[in-house]
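**Student:** Make a model of this:
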Amino acid sequence: PRYAVVYPCAGALAEGQRTPVPEGLGVLLGTARAAVLVLLDSPKSTTHLVALTGQGLGSVGRHLRVLLDARLVQRRRAGRSVLYYRTEAGHALVQAQVGEGPH
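**Tutor:** Numbering: from 1, shown residues only. Reported below is the predicted structural model:
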């Protein structure tokens, strides 16, 4: 017989660490787009967002385009990657839904 040691998945891409989408934000933006905005509490690449949301690359790209056009997120280049992050307006929108208010 073969034996193996199995450890539970942990880290940034583990299923249990998904950030919930506030209901009002989901209604306003759509649940999938709101999930992308909520996850951008720290800069993330498109690939990272695809892994975290389980959405396809095209869907995440479209959501980012809409959020960029609405000035809720910005992007910057970091080496070969493009990182997306919330603007003050995007942060205020998310925080208003979780009851913390803008910083």
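**Student:** Please make it C-alpha for all contacts and neighbour counts, starting now.
**Tutor:** Will do.
**Student:** and the gap between the residue nearest the centre of the chain and residue 58?
**Tutor:** Centroid-nearest residue in the chain: residue 39, 2.6 Å away (criterion: CA atoms, centre = their mean). Between residue 39 and residue 58 the distance is 17 Å, computed by CA to CA, to the nearest Å.
**Student:** Residue 96 now?
**Tutor:** Separation of residue 96 from residue 58 (CA to CA) stands at 28 Å.
**Student:** These two - which one has more neighbours?
**Tutor:** residue 96 (15 against 11; other CA atoms under 10 Å).
**Student:** next one: phi and psi at the more buried one?
**Tutor:** The phi/psi pair for residue 96 (degrees, to the nearest 10) reads phi -60, psi -30.
**Student:** Check what pLDDT it gets.
**Tutor:** The model reports residue 96 with a pLDDT of 91.
**Student:** before we move on, what about residue 91?
**Tutor:** For residue 91, the predicted pLDDT is 95.
**Student:** In whichever helix or strand it is part of, which residues are buried?
**Tutor:** Assessed by DSSP states H and E, residue 91 sits inside helix 88-97. Of all the residues in helix 88-97, those buried under the rule 16 or more other CA atoms under 10 Å are 90-95.
**Student:** Quick check: residue 34 touching residue 21?
**Tutor:** Yes. Look at residue 34 against residue 21 with CA atoms under 8 Å: they come within range, at 6.5 Å.
**Student:** chain center to the helix or strand of the chain with the lowest mean pLDDT: distance?
**Tutor:** Least confident element among the helices and strands of the chain, by mean pLDDT, DSSP states H and E: helix 23-29 (a mean of 88). Remark: helix 23-29 is offset 14 Å from the chain centroid, using CA atoms, centre = their mean, to the nearest Å.
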